[in-house]
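Novice: Below: sequence and its predicted model.
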Amino acid sequence: MNNIYQLSVFVENKPGRVHHITEVLGKNNIDIRALSIAETADYGVLRLIVRNPEQASQILKSENITVLLTPVIAVAIQDTPGALVATMNALASEKIGIEYMYAFLNPTPDTAYMILRVEDNEKAISALTSAGVRLVAEKELYEI
């Protein structure tokens, strides 16, 4: 219930590559909810939260685009200074490492969603729940 699936798309650092990926998704009515991109000298990783991750993955693969479905965790936090501390405390207290994270605002006033990729999703889910951090379900996130 609490695992969200993110598309991790490997992108060559060449002009037009991100355009091509977003064009393929758009032509197939795949709605992007959030994205992040990290790059190195030769390639980047485009991380996408989309409404239909399994369908989007198949569509991208059919276009010879390298993509993985990656389980991540989504939490809802107050959009106020210091609000992220409770989430970080819950993970740190259980010594759960964060591989990466990114955030985006949602339509609910004063609330942001945070996407987390951690070493151990189940342990993180337990720690976050125990700390009173609100986890975001797939349906809620995909249907924004």
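Specialist: In hand now; what should we look at?
Novice: drop to CA atoms for contacts and neighbour counts, all remaining ones
Specialist: OK.
Novice: Run through the strands of this structure in chain order.
Specialist: Here the chain has its strands, by DSSP state E, at 3-12, 32-39, 43-50, 67-78, 98-105, 111-118, 134-135.
Novice: Bridged to residue 48, which residues?
Specialist: residue 7, residue 35 (DSSP bridges).
Novice: tell me the domain ranges of this structure?
Specialist: 3-69, 71-142 (automatic domain parsing).
Novice: In CSV, list these along with mean pLDDT.
Specialist: Shown next, in CSV, are the domains of the chain (pLDDT from 0 to 100):
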stretch, mean pLDDT
domain 3-69, 91
domain 71-142, 89
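Novice: In CSV: the ones you listed, plus mean neighbour count.
Specialist: Shown next, in CSV, are these (neighbours: other CA atoms under 10 Å):
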stretch, mean neighbour count
domain 3-69, 16
domain 71-142, 16
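Novice: so what's residue 136 up against?
Specialist: By CA atoms under 8 Å, 6 or more residues apart in numbering, the residues touching residue 136 are 2, 73, 74, 75, 76.
Novice: So the residue lying closest to the third one once chain neighbours are set aside versus residue 13, what's the distance?
Specialist: Once its chain neighbours are removed from consideration, residue 74 has its nearest residue in residue 115; the separation is 4.6 Å (CA to CA, 6 or more residues apart in numbering). Residue 115 sits 24 Å away from residue 13, taking CA to CA, to the nearest Å as the criterion.
Novice: still on that earlier bit, could you export the strands of the chain as CSV, including distance to residue 144?
Specialist: Compiled in CSV, the strands of the chain are given as follows (distance: least, CA to CA, whole Å):
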stretch, distance to residue 144
strand 3-12, 14
strand 32-39, 7
strand 43-50, 10
strand 67-78, 13
strand 98-105, 10
strand 111-118, 11
strand 134-135, 15
